[in-house]
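Next come a sequence and a model predicted from it.
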Amino acid sequence: MATNAVDETEATKATTDEKAVDTTKSDEVPETEVPAAADDAQTKEEAPSGVGQGAAAVVSAALGVVSLTGSWIGTVASARQNLVGQLETAQNAGVAQQIQAVYGDAWQTTALWGGLFALTALVVGVVTLARPAFGTPGRIQAPWIKSVAWAGVALGVIGLFLAVLKYTGILLGLPSAG
């Protein structure tokens, strides 16, 4: 039995030595895996993040809101046109001509600027929605970007429609003098 105990001790010792050797071999990293990890890091850095598309979508929606609510540029241009109308209208001009020169032209200027903002919102929104078709294949645009870009397109269409109605006098036209 004593020989049997010695044989078991030597067998256990040999098994332990083999495990030690196996453990040290598994700690080594093969050289082929290191460059692959570096390539993955470069690919992630080069991939577009979509920040530009998100910003364009927000700009489109903001321009659509500005087209509906009015802008500082539109207000200044309207006031300038009002002043020009007052200066160019003769004292002996008819009431209808005075109303058109002083108020009508200013109203049309406001509508024109609103229409320009609406058209810009529409174009930026459409370009933002169309951008993935010309980008990296398989890259999906974030849903919130699509939603905000569609909101910009919708606001642009509504703003453009209202600007045309204001400019032509169909919506809140000048009162008739007479």
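Nice, I can see it. Numbers count the residues shown, from 1 in each chain.

Mind telling me what element the nearest residue to residue 155 once chain neighbours are set aside is part of?
Of all residues not flanking residue 155 in the chain, residue 64 sits nearest, at 2.4 Å (CB to CB, 6 or more residues apart in numbering). C-betas here are computed from N, CA, C, even on glycine. In the assignment (DSSP states H and E), residue 64 maps to helix 51-69.

what do you get for residue 146?
Residue-wise, residue 146 maps onto helix 143-168 under DSSP H and E.

could you say what helices and strands that helix packs with?
Packing partners of helix 143-168 (3 or more CB pairs under 8 Å, 6 or more residues apart in numbering; DSSP states H and E): helix 51-69, helix 105-130.

so what's the most centrally placed residue in the chain up against?
Central residue of the chain (CA atoms, centre = their mean): residue 57, 2.2 Å from the mean position. Residue 57 sits next to 125, 128, 145, 146, 148, 149, 152 when contact means CB atoms under 8 Å, 6 or more residues apart in numbering.

for the chain, what are the low-confidence residue spans?
Scanning the chain for pLDDT under 70 picks out the ranges 1-48, 178.

Next one: residue 134 relative to residue 58, how far apart?
20 Å (CB to CB, to the nearest Å).

More neighbours: these two, which one.
residue 58 (18 against 7; other CB atoms under 10 Å).

would TSV of the helices and strands packed on helix 143-168 with distance to residue 86 be doable?
Shown next, in TSV, are the helices and strands packed on helix 143-168 (distance: least, CB to CB, whole Å):
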stretch	distance to residue 86
helix 51-69	26
helix 105-130	10
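
Residue 165 contacts residue 171, correct?
Yes. Counting by CB atoms under 8 Å, residue 165 touches residue 171, with 3.7 Å between them.
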